[in-house]
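1. what follows is a predicted structure for the sequence shown.
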Amino acid sequence: MATYRARLKEFEDCLETEKIDVKHLRSLCFQGIPDGRGLRAKCWKILLNYLPPLTTDWPDFLKKQRGVYQQLLEELIITPGKQGSGNSREDVTFADHPLNPNPDSQWSQYFKDNDVLLQIDKDVRRLCPDISFFQQATDHPCERLVNAESGIETLRKRVEHTILKAANVGKNRLGITVTNVRCSTRRKVAVEEYETLPEGQEAHWEVVERVLFLYAKLNPGQGYVQGMNEIIGPLYYVFASDPNKDWQEHAEADTFFCFTNLMSEIRDNFIKMLDDSASGIGSSMQNVLTLLKKHDQQLWRCLEDRGVRPQFYLFRWLTLLLSQEFKMPDVIRVWDSLFADRRRFDFLYCVCCAMIICIRTRILEGDFSDTMRTLQNYPDGDIHVVLRKAVEICPS
(Lines give C-alpha, C1' and ligand atoms only; values in the text may rest on other atoms or scores of the structure.)
Protein backbone atom coordinates (compact mmCIF):
# COMPACT_ATOMS: atom_id res chain seq x y z
CA MET A 1 0.00 0.00 0.00
CA ALA A 2 2.86 2.35 0.82
CA THR A 3 4.38 1.64 -2.59
CA TYR A 4 1.05 2.38 -4.28
CA ARG A 5 0.72 5.71 -2.48
CA ALA A 6 4.30 6.58 -3.38
CA ARG A 7 3.58 5.84 -7.04
CA LEU A 8 0.44 7.99 -6.92
CA LYS A 9 2.42 10.87 -5.48
CA GLU A 10 5.08 10.55 -8.18
CA PHE A 11 2.45 10.86 -10.90
CA GLU A 12 0.55 13.66 -9.21
CA ASP A 13 3.74 15.66 -8.65
CA CYS A 14 4.63 15.23 -12.32
CA LEU A 15 1.15 16.21 -13.58
CA GLU A 16 0.67 19.17 -11.27
CA THR A 17 3.63 21.15 -12.57
CA GLU A 18 3.00 24.10 -14.87
CA LYS A 19 5.00 22.44 -17.64
CA ILE A 20 5.00 18.65 -17.64
CA ASP A 21 8.32 16.88 -18.12
CA VAL A 22 7.11 14.48 -20.81
CA LYS A 23 10.33 12.45 -20.74
CA HIS A 24 9.92 11.85 -16.99
CA LEU A 25 6.21 11.07 -17.48
CA ARG A 26 7.08 8.48 -20.13
CA SER A 27 9.48 6.85 -17.71
CA LEU A 28 6.78 6.66 -15.03
CA CYS A 29 4.07 5.40 -17.37
CA PHE A 30 6.32 2.72 -18.86
CA GLN A 31 6.30 0.97 -15.48
CA GLY A 32 2.50 1.07 -15.39
CA ILE A 33 0.04 3.79 -14.40
CA PRO A 34 -1.68 3.38 -11.01
CA ASP A 35 -5.45 2.86 -11.14
CA GLY A 36 -7.63 5.55 -9.65
CA ARG A 37 -7.85 9.35 -9.58
CA GLY A 38 -8.10 9.51 -13.35
CA LEU A 39 -4.34 9.35 -13.80
CA ARG A 40 -4.37 6.95 -16.72
CA ALA A 41 -6.87 8.96 -18.78
CA LYS A 42 -4.82 12.10 -18.30
CA CYS A 43 -1.49 10.40 -19.01
CA TRP A 44 -2.74 8.69 -22.18
CA LYS A 45 -4.00 12.01 -23.53
CA ILE A 46 -0.53 13.49 -23.03
CA LEU A 47 1.34 10.48 -24.43
CA LEU A 48 -0.92 10.43 -27.52
CA ASN A 49 -0.04 14.09 -28.19
CA TYR A 50 -3.52 15.37 -27.47
CA LEU A 51 -2.92 17.45 -24.35
CA PRO A 52 -0.04 19.96 -24.57
CA PRO A 53 2.75 19.91 -21.95
CA LEU A 54 1.71 23.32 -20.59
CA THR A 55 -1.08 22.54 -18.11
CA THR A 56 -2.14 26.20 -18.06
CA ASP A 57 -3.16 25.79 -21.72
CA TRP A 58 -5.48 22.86 -21.02
CA PRO A 59 -8.76 24.71 -20.29
CA ASP A 60 -8.70 26.78 -23.49
CA PHE A 61 -7.35 23.90 -25.57
CA LEU A 62 -9.99 21.42 -24.40
CA LYS A 63 -12.79 23.96 -24.86
CA LYS A 64 -11.63 24.55 -28.44
CA GLN A 65 -11.20 20.86 -29.34
CA ARG A 66 -14.49 19.81 -27.82
CA GLY A 67 -16.17 22.66 -29.69
CA VAL A 68 -14.63 21.42 -32.92
CA TYR A 69 -15.99 17.95 -32.25
CA GLN A 70 -19.49 19.30 -31.63
CA GLN A 71 -19.28 21.13 -34.95
CA LEU A 72 -18.28 17.91 -36.74
CA LEU A 73 -21.16 16.13 -35.03
CA GLU A 74 -23.54 18.84 -36.20
CA GLU A 75 -22.35 18.82 -39.82
CA LEU A 76 -21.93 15.07 -40.38
CA ILE A 77 -24.58 13.42 -38.20
CA ILE A 78 -27.15 15.85 -36.78
CA THR A 79 -27.90 17.90 -39.93
CA PRO A 80 -28.10 14.81 -42.20
CA GLY A 81 -30.23 13.20 -39.49
CA LYS A 82 -32.77 16.02 -39.78
CA GLN A 83 -33.07 15.35 -43.52
CA GLY A 84 -33.40 11.61 -42.92
CA SER A 85 -36.31 11.88 -40.49
CA GLY A 86 -39.97 12.03 -41.39
CA ASN A 87 -41.85 10.79 -44.43
CA SER A 88 -40.57 13.35 -46.94
CA ARG A 89 -37.04 14.39 -47.80
CA GLU A 90 -36.04 17.81 -49.02
CA ASP A 91 -32.97 16.37 -50.75
CA VAL A 92 -35.04 14.26 -53.16
CA THR A 93 -35.21 16.33 -56.32
CA PHE A 94 -35.69 15.70 -60.03
CA ALA A 95 -31.95 16.19 -60.58
CA ASP A 96 -30.80 14.13 -57.60
CA HIS A 97 -32.76 11.16 -56.31
CA PRO A 98 -32.04 7.69 -54.86
CA LEU A 99 -31.84 6.08 -58.33
CA ASN A 100 -29.42 8.66 -59.72
CA PRO A 101 -26.43 6.70 -61.17
CA ASN A 102 -24.12 9.73 -61.01
CA PRO A 103 -21.21 8.87 -58.64
CA ASP A 104 -21.16 12.52 -57.48
CA SER A 105 -24.78 12.30 -56.37
CA GLN A 106 -25.48 13.01 -52.72
CA TRP A 107 -27.56 9.86 -52.68
CA SER A 108 -24.66 7.81 -54.02
CA GLN A 109 -22.57 9.04 -51.11
CA TYR A 110 -25.45 8.34 -48.72
CA PHE A 111 -25.59 4.69 -49.77
CA LYS A 112 -21.80 4.35 -49.54
CA ASP A 113 -21.94 5.78 -46.03
CA ASN A 114 -24.65 3.27 -45.17
CA ASP A 115 -22.39 0.39 -46.20
CA VAL A 116 -19.66 1.71 -43.91
CA LEU A 117 -22.12 2.31 -41.09
CA LEU A 118 -23.51 -1.23 -41.30
CA GLN A 119 -20.00 -2.68 -40.96
CA ILE A 120 -19.20 -0.41 -38.01
CA ASP A 121 -22.53 -1.29 -36.37
CA LYS A 122 -21.86 -4.98 -36.76
CA ASP A 123 -18.40 -4.66 -35.19
CA VAL A 124 -19.20 -2.38 -32.25
CA ARG A 125 -22.14 -4.53 -31.16
CA ARG A 126 -19.57 -7.26 -30.46
CA LEU A 127 -17.00 -5.01 -28.80
CA CYS A 128 -15.28 -6.47 -25.71
CA PRO A 129 -17.93 -9.13 -24.96
CA ASP A 130 -16.02 -10.23 -21.84
CA ILE A 131 -17.13 -7.09 -19.99
CA SER A 132 -20.59 -5.53 -19.73
CA PHE A 133 -19.41 -1.92 -19.93
CA PHE A 134 -20.20 -1.26 -23.59
CA GLN A 135 -23.79 -2.45 -23.40
CA GLN A 136 -24.54 -0.25 -20.41
CA ALA A 137 -26.14 3.17 -20.80
CA THR A 138 -23.80 6.14 -20.76
CA ASP A 139 -24.45 8.91 -18.26
CA HIS A 140 -23.61 11.45 -20.95
CA PRO A 141 -25.61 10.67 -24.12
CA CYS A 142 -25.86 13.12 -27.00
CA GLU A 143 -29.06 14.82 -25.87
CA ARG A 144 -29.94 16.21 -29.30
CA LEU A 145 -29.88 12.73 -30.77
CA VAL A 146 -31.59 10.71 -28.06
CA ASN A 147 -34.38 13.25 -27.52
CA ALA A 148 -37.37 11.75 -29.33
CA GLU A 149 -38.91 15.19 -29.86
CA SER A 150 -35.92 16.40 -31.87
CA GLY A 151 -36.97 14.28 -34.84
CA ILE A 152 -33.32 13.64 -35.76
CA GLU A 153 -32.47 10.27 -37.26
CA THR A 154 -29.79 8.67 -35.09
CA LEU A 155 -27.22 6.22 -36.46
CA ARG A 156 -29.14 3.48 -34.66
CA LYS A 157 -32.35 4.33 -36.56
CA ARG A 158 -30.44 4.75 -39.80
CA VAL A 159 -29.15 1.19 -39.45
CA GLU A 160 -32.65 -0.08 -38.66
CA HIS A 161 -34.06 1.69 -41.74
CA THR A 162 -31.29 0.37 -43.96
CA ILE A 163 -32.04 -3.24 -43.12
CA LEU A 164 -35.22 -3.46 -45.17
CA LYS A 165 -38.06 -5.94 -45.11
CA ALA A 166 -38.63 -7.71 -48.39
CA ALA A 167 -41.43 -9.73 -49.88
CA ASN A 168 -40.84 -13.41 -50.52
CA VAL A 169 -41.81 -13.64 -54.18
CA GLY A 170 -42.55 -17.10 -55.53
CA LYS A 171 -45.04 -19.20 -57.46
CA ASN A 172 -47.65 -21.58 -56.18
CA ARG A 173 -48.41 -25.00 -57.67
CA LEU A 174 -50.60 -23.38 -60.33
CA GLY A 175 -47.78 -21.14 -61.53
CA ILE A 176 -49.34 -18.00 -60.07
CA THR A 177 -46.92 -15.45 -58.57
CA VAL A 178 -47.59 -14.87 -54.87
CA THR A 179 -46.13 -12.08 -52.75
CA ASN A 180 -48.28 -12.32 -49.64
CA VAL A 181 -45.68 -14.22 -47.65
CA ARG A 182 -43.30 -11.72 -46.09
CA CYS A 183 -39.96 -12.29 -44.47
CA SER A 184 -37.38 -10.01 -42.96
CA THR A 185 -33.91 -9.64 -44.41
CA ARG A 186 -32.65 -8.41 -41.05
CA ARG A 187 -29.63 -10.51 -40.20
CA LYS A 188 -29.81 -12.70 -37.13
CA VAL A 189 -28.27 -11.06 -34.11
CA ALA A 190 -25.47 -13.13 -32.63
CA VAL A 191 -25.68 -13.99 -28.96
CA GLU A 192 -22.65 -11.84 -28.13
CA GLU A 193 -24.00 -8.74 -29.89
CA TYR A 194 -25.46 -5.88 -27.91
CA GLU A 195 -29.13 -5.00 -28.12
CA THR A 196 -30.26 -1.38 -28.35
CA LEU A 197 -31.52 0.43 -25.26
CA PRO A 198 -34.94 2.10 -24.99
CA GLU A 199 -35.55 5.54 -26.50
CA GLY A 200 -33.88 8.31 -24.55
CA GLN A 201 -30.90 6.16 -23.59
CA GLU A 202 -27.65 5.53 -25.37
CA ALA A 203 -25.24 2.65 -24.80
CA HIS A 204 -21.49 3.10 -24.76
CA TRP A 205 -21.17 1.04 -27.95
CA GLU A 206 -23.39 3.57 -29.73
CA VAL A 207 -21.02 6.36 -28.72
CA VAL A 208 -18.09 4.35 -30.12
CA GLU A 209 -20.09 3.77 -33.31
CA ARG A 210 -20.58 7.52 -33.73
CA VAL A 211 -16.86 8.25 -33.26
CA LEU A 212 -15.85 5.60 -35.79
CA PHE A 213 -18.41 6.84 -38.33
CA LEU A 214 -17.10 10.40 -38.00
CA TYR A 215 -13.53 9.15 -38.41
CA ALA A 216 -14.48 7.24 -41.57
CA LYS A 217 -16.25 10.30 -43.01
CA LEU A 218 -13.25 12.54 -42.34
CA ASN A 219 -10.72 10.02 -43.69
CA PRO A 220 -12.24 8.85 -46.99
CA GLY A 221 -8.88 7.68 -48.32
CA GLN A 222 -8.70 5.05 -45.63
CA GLY A 223 -12.25 4.92 -44.32
CA TYR A 224 -13.24 2.36 -41.72
CA VAL A 225 -11.37 -0.93 -41.61
CA GLN A 226 -12.48 -3.87 -39.51
CA GLY A 227 -10.34 -3.96 -36.38
CA MET A 228 -10.41 -0.24 -35.69
CA ASN A 229 -13.21 -0.97 -33.24
CA GLU A 230 -10.75 -3.03 -31.19
CA ILE A 231 -8.29 -0.12 -31.11
CA ILE A 232 -10.82 2.48 -30.01
CA GLY A 233 -12.46 0.24 -27.38
CA PRO A 234 -9.81 0.47 -24.63
CA LEU A 235 -9.30 4.21 -25.30
CA TYR A 236 -12.97 5.01 -24.81
CA TYR A 237 -13.25 2.65 -21.84
CA VAL A 238 -10.45 4.47 -19.99
CA PHE A 239 -11.76 7.96 -20.79
CA ALA A 240 -15.41 7.15 -20.06
CA SER A 241 -14.42 5.59 -16.72
CA ASP A 242 -12.59 8.73 -15.58
CA PRO A 243 -13.70 9.59 -12.00
CA ASN A 244 -13.51 13.27 -12.92
CA LYS A 245 -17.08 13.87 -14.10
CA ASP A 246 -16.15 16.86 -16.28
CA TRP A 247 -13.56 14.84 -18.19
CA GLN A 248 -15.89 11.84 -18.29
CA GLU A 249 -18.63 13.98 -19.84
CA HIS A 250 -16.36 14.77 -22.79
CA ALA A 251 -15.00 11.24 -23.22
CA GLU A 252 -16.51 11.01 -26.70
CA ALA A 253 -14.71 14.08 -28.08
CA ASP A 254 -11.43 13.25 -26.34
CA THR A 255 -11.58 9.68 -27.65
CA PHE A 256 -12.09 10.93 -31.20
CA PHE A 257 -8.95 13.09 -31.16
CA CYS A 258 -6.78 10.54 -29.34
CA PHE A 259 -7.95 7.77 -31.68
CA THR A 260 -7.19 9.98 -34.68
CA ASN A 261 -3.69 10.65 -33.36
CA LEU A 262 -3.09 6.98 -32.64
CA MET A 263 -4.33 5.93 -36.07
CA SER A 264 -1.96 8.43 -37.71
CA GLU A 265 0.87 6.35 -36.23
CA ILE A 266 -0.42 2.86 -37.04
CA ARG A 267 -2.61 3.52 -40.08
CA ASP A 268 -0.16 1.78 -42.45
CA ASN A 269 -1.05 -1.52 -40.76
CA PHE A 270 -4.62 -1.07 -42.02
CA ILE A 271 -3.69 -0.29 -45.64
CA LYS A 272 -3.30 -3.49 -47.65
CA MET A 273 -1.31 -1.80 -50.42
CA LEU A 274 1.44 -1.02 -47.89
CA ASP A 275 1.70 -4.54 -46.42
CA ASP A 276 5.05 -5.19 -48.10
CA SER A 277 6.48 -1.69 -47.67
CA ALA A 278 9.05 -0.64 -45.06
CA SER A 279 6.26 0.83 -42.92
CA GLY A 280 3.73 -1.95 -43.55
CA ILE A 281 2.65 -4.90 -41.46
CA GLY A 282 4.96 -7.27 -43.36
CA SER A 283 8.03 -5.38 -42.17
CA SER A 284 6.69 -5.27 -38.61
CA MET A 285 6.18 -9.05 -38.55
CA GLN A 286 9.71 -9.56 -39.82
CA ASN A 287 11.05 -7.32 -37.03
CA VAL A 288 9.47 -9.63 -34.44
CA LEU A 289 10.92 -12.75 -36.08
CA THR A 290 14.37 -11.14 -36.26
CA LEU A 291 14.21 -10.51 -32.51
CA LEU A 292 13.06 -14.09 -31.88
CA LYS A 293 15.87 -15.52 -33.98
CA LYS A 294 18.39 -13.43 -32.04
CA HIS A 295 17.12 -14.34 -28.56
CA ASP A 296 15.87 -17.92 -29.07
CA GLN A 297 17.12 -19.47 -32.28
CA GLN A 298 15.83 -22.93 -31.36
CA LEU A 299 12.29 -21.62 -30.97
CA TRP A 300 12.55 -19.59 -34.17
CA ARG A 301 13.79 -22.67 -36.09
CA CYS A 302 10.92 -24.74 -34.66
CA LEU A 303 8.32 -22.30 -36.02
CA GLU A 304 10.10 -22.13 -39.37
CA ASP A 305 10.33 -25.92 -39.74
CA ARG A 306 6.65 -26.35 -38.89
CA GLY A 307 5.60 -23.74 -41.43
CA VAL A 308 3.96 -21.50 -38.84
CA ARG A 309 3.76 -18.30 -40.85
CA PRO A 310 3.66 -14.97 -38.98
CA GLN A 311 0.47 -14.05 -40.85
CA PHE A 312 -1.29 -16.73 -38.83
CA TYR A 313 -0.85 -14.88 -35.52
CA LEU A 314 1.48 -11.85 -35.65
CA PHE A 315 -0.72 -10.01 -38.12
CA ARG A 316 -3.49 -9.72 -35.55
CA TRP A 317 -1.15 -9.14 -32.61
CA LEU A 318 0.55 -6.17 -34.28
CA THR A 319 -2.38 -4.64 -36.13
CA LEU A 320 -4.65 -4.58 -33.07
CA LEU A 321 -1.89 -3.73 -30.56
CA LEU A 322 -2.59 -7.00 -28.70
CA SER A 323 -6.10 -5.86 -27.79
CA GLN A 324 -7.49 -9.30 -28.71
CA GLU A 325 -4.89 -11.39 -26.94
CA PHE A 326 -5.49 -10.34 -23.32
CA LYS A 327 -8.36 -9.33 -21.08
CA MET A 328 -9.09 -5.62 -20.78
CA PRO A 329 -7.05 -4.92 -17.59
CA ASP A 330 -3.98 -6.56 -19.12
CA VAL A 331 -4.47 -4.77 -22.45
CA ILE A 332 -4.59 -1.46 -20.58
CA ARG A 333 -1.40 -2.33 -18.69
CA VAL A 334 0.40 -3.23 -21.94
CA TRP A 335 -0.78 0.00 -23.55
CA ASP A 336 0.68 2.02 -20.66
CA SER A 337 4.09 0.85 -21.82
CA LEU A 338 3.36 1.02 -25.55
CA PHE A 339 2.19 4.64 -25.38
CA ALA A 340 5.19 5.54 -23.22
CA ASP A 341 7.63 3.98 -25.69
CA ARG A 342 9.81 6.81 -27.01
CA ARG A 343 10.40 4.83 -30.24
CA ARG A 344 6.76 3.98 -30.65
CA PHE A 345 6.04 1.18 -31.36
CA ASP A 346 9.37 -0.67 -31.14
CA PHE A 347 8.48 -2.02 -27.72
CA LEU A 348 5.49 -3.75 -29.29
CA TYR A 349 7.89 -5.97 -31.26
CA CYS A 350 9.65 -6.88 -28.00
CA VAL A 351 6.35 -7.71 -26.28
CA CYS A 352 5.32 -9.98 -29.17
CA CYS A 353 8.70 -11.72 -29.10
CA ALA A 354 8.44 -12.11 -25.31
CA MET A 355 4.96 -13.62 -25.66
CA ILE A 356 6.34 -16.35 -27.93
CA ILE A 357 9.31 -17.06 -25.66
CA CYS A 358 7.08 -17.24 -22.57
CA ILE A 359 5.23 -20.21 -24.10
CA ARG A 360 8.30 -21.86 -25.66
CA THR A 361 7.77 -25.15 -23.79
CA ARG A 362 4.25 -25.56 -25.17
CA ILE A 363 5.47 -24.78 -28.66
CA LEU A 364 8.51 -27.08 -28.59
CA GLU A 365 6.53 -30.00 -27.12
CA GLY A 366 3.52 -29.64 -29.43
CA ASP A 367 2.87 -30.15 -33.12
CA PHE A 368 1.66 -27.74 -35.81
CA SER A 369 -1.96 -27.82 -34.62
CA ASP A 370 -0.97 -27.33 -30.98
CA THR A 371 1.28 -24.41 -31.90
CA MET A 372 -1.40 -22.71 -33.97
CA ARG A 373 -4.00 -23.17 -31.25
CA THR A 374 -1.67 -21.71 -28.62
CA LEU A 375 -0.55 -18.71 -30.66
CA GLN A 376 -4.05 -17.83 -31.85
CA ASN A 377 -5.57 -18.26 -28.39
CA TYR A 378 -2.84 -16.97 -26.13
CA PRO A 379 -3.00 -18.66 -22.71
CA ASP A 380 -3.83 -16.69 -19.56
CA GLY A 381 -0.92 -15.74 -17.38
CA ASP A 382 0.78 -12.92 -15.52
CA ILE A 383 1.16 -10.03 -17.96
CA HIS A 384 4.01 -8.64 -15.87
CA VAL A 385 6.09 -11.73 -16.65
CA VAL A 386 5.67 -11.02 -20.36
CA LEU A 387 6.53 -7.34 -19.91
CA ARG A 388 9.65 -8.10 -17.86
CA LYS A 389 10.82 -10.46 -20.59
CA ALA A 390 10.09 -7.79 -23.20
CA VAL A 391 12.27 -5.29 -21.33
CA GLU A 392 15.12 -7.84 -21.33
CA ILE A 393 14.75 -8.27 -25.08
CA CYS A 394 14.36 -4.60 -25.94
CA PRO A 395 17.55 -2.98 -27.24
CA SER A 396 18.81 -0.26 -24.90
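-> Structure's in. What do you need? Here the structure is a predicted model, which means the values were calculated and not measured. Numbers count the residues shown, from 1 in each chain.
2. where does the stretch 1-150 of the chain have low pLDDT?
-> Along the stretch 1-150 of the chain, the model assigns pLDDT under 70 to residues 1, 83-109.
3. what's the span of stretch 237-254, first residue to last?
-> With CA to CA, to the nearest Å applied, stretch 237-254 spans 12 Å between its terminal residues.
4. ok, now stretch 114-134?
-> Stretch 114-134 end-to-end distance (CA to CA) = 22 Å.
5. can you pull out the helices in the stretch 201-350 of the chain?
-> Per DSSP state H, counting those that start in this stretch, the stretch 201-350 of the chain carries helices over the ranges 204-218, 228-240, 245-249, 251-266, 281-295, 297-306, 314-319, 328-340, 346-358.
6. pull out the buried residues from the third one.
-> Going back to what we said before, that points to helix 245-249. Residues of helix 245-249 classed as buried by neighbour count (16 or more other CB atoms under 10 Å): 247, 248, 249. (Glycine included, C-beta is placed from N, CA and C.)
7. likewise for the longest one?
-> For helix 251-266, the neighbour count (16+ other CB under 10 Å) marks 251-260, 262-263, 266 as buried.
8. from those residues, which is closest to residue 18?
-> residue 254 (21.7 Å; CB to CB).
9. which ones are touching the spatially closest residue to residue 117 that is not a sequence neighbour?
-> Leaving aside its sequence neighbours, residue 117 sits nearest to residue 213 (CB to CB, 6 or more residues apart in numbering; 5.8 Å). Listed by CB atoms under 8 Å, 6 or more residues apart in numbering, the contact partners of residue 213 are 76, 77, 113, 116, 117, 120, 155, 224.
10. same question, residue 250
-> 62, 66.
11. can you pick the most crowded of the contacts of residue 213?
-> Among those, the one with the most neighbours (other CB atoms under 10 Å) is residue 120, at 24 neighbours.
12. where's it, which helix or strand?
-> helix 106-124 (DSSP states H and E).
13. count of residues packed around residue 365?
-> 9.
14. again but with residue 151, I slipped
-> 11.
15. before we move on, the earlier item: in JSON lines: the helices of the stretch 201-350 of the chain, plus mean pLDDT.
-> Listed next are the helices of the stretch 201-350 of the chain as JSON lines, based on pLDDT from 0 to 100:
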{"stretch": "helix 204-218", "mean pLDDT": "96"}
{"stretch": "helix 228-240", "mean pLDDT": "97"}
{"stretch": "helix 245-249", "mean pLDDT": "94"}
{"stretch": "helix 251-266", "mean pLDDT": "96"}
{"stretch": "helix 281-295", "mean pLDDT": "95"}
{"stretch": "helix 297-306", "mean pLDDT": "97"}
{"stretch": "helix 314-319", "mean pLDDT": "96"}
{"stretch": "helix 328-340", "mean pLDDT": "97"}
{"stretch": "helix 346-358", "mean pLDDT": "97"}
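16. dump those helices to a markdown table, plus distance to residue 51.
-> Output for those, formatted as a markdown table (distance: least, CB to CB, whole Å):
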| stretch | distance to residue 51 |
| --- | --- |
| helix 204-218 | 18 |
| helix 228-240 | 12 |
| helix 245-249 | 11 |
| helix 251-266 | 9 |
| helix 281-295 | 28 |
| helix 297-306 | 41 |
| helix 314-319 | 26 |
| helix 328-340 | 13 |
| helix 346-358 | 22 |
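17. and the protein, what are its domains?
-> Listed domain ranges for the chain are 2-54, 58-88+96-261, 272-393 (source: automatic domain parsing).
18. okay, how far is it across the shortest one, tip to tip?
-> Domain 2-54 has its terminal residues 30 Å apart, counting by CA to CA.
19. go on, stretch 121-139?
-> Stretch 121-139: ends 21 Å apart by CA to CA.
20. ok, stretch 319-336 next?
-> 17 Å.
21. what comes up buried for it?
-> 319-326, 328, 330-336.
22. neighbouring contacts of that stretch?
-> Residues beyond stretch 319-336 that count as contacts (CB under 8 Å, 6+ apart) turn out to be 29-30, 32-33, 40, 43-44, 128, 130-131, 227, 230-231, 233-234, 237-238, 266, 269-270, 281, 316-317, 338, 345, 348, 351-352, 355, 378, 380, 383-384, 387.
23. wait, residue 318 touches residue 285, no?
-> Yes - if you go by CB atoms under 8 Å, residue 318 and residue 285 touch, sitting 6.6 Å apart.
24. could you tell me which residues touch both of the two?
-> With CB under 8 Å, 6+ apart as the test, residue 318 and residue 285 reach no residue in common.
25. related to what we said a few turns ago, and the helices of the stretch 201-350 of the chain: which comes nearest residue 364?
-> Using CB to CB, the helices of the stretch 201-350 of the chain put helix 297-306 closest to residue 364, at 5.8 Å.
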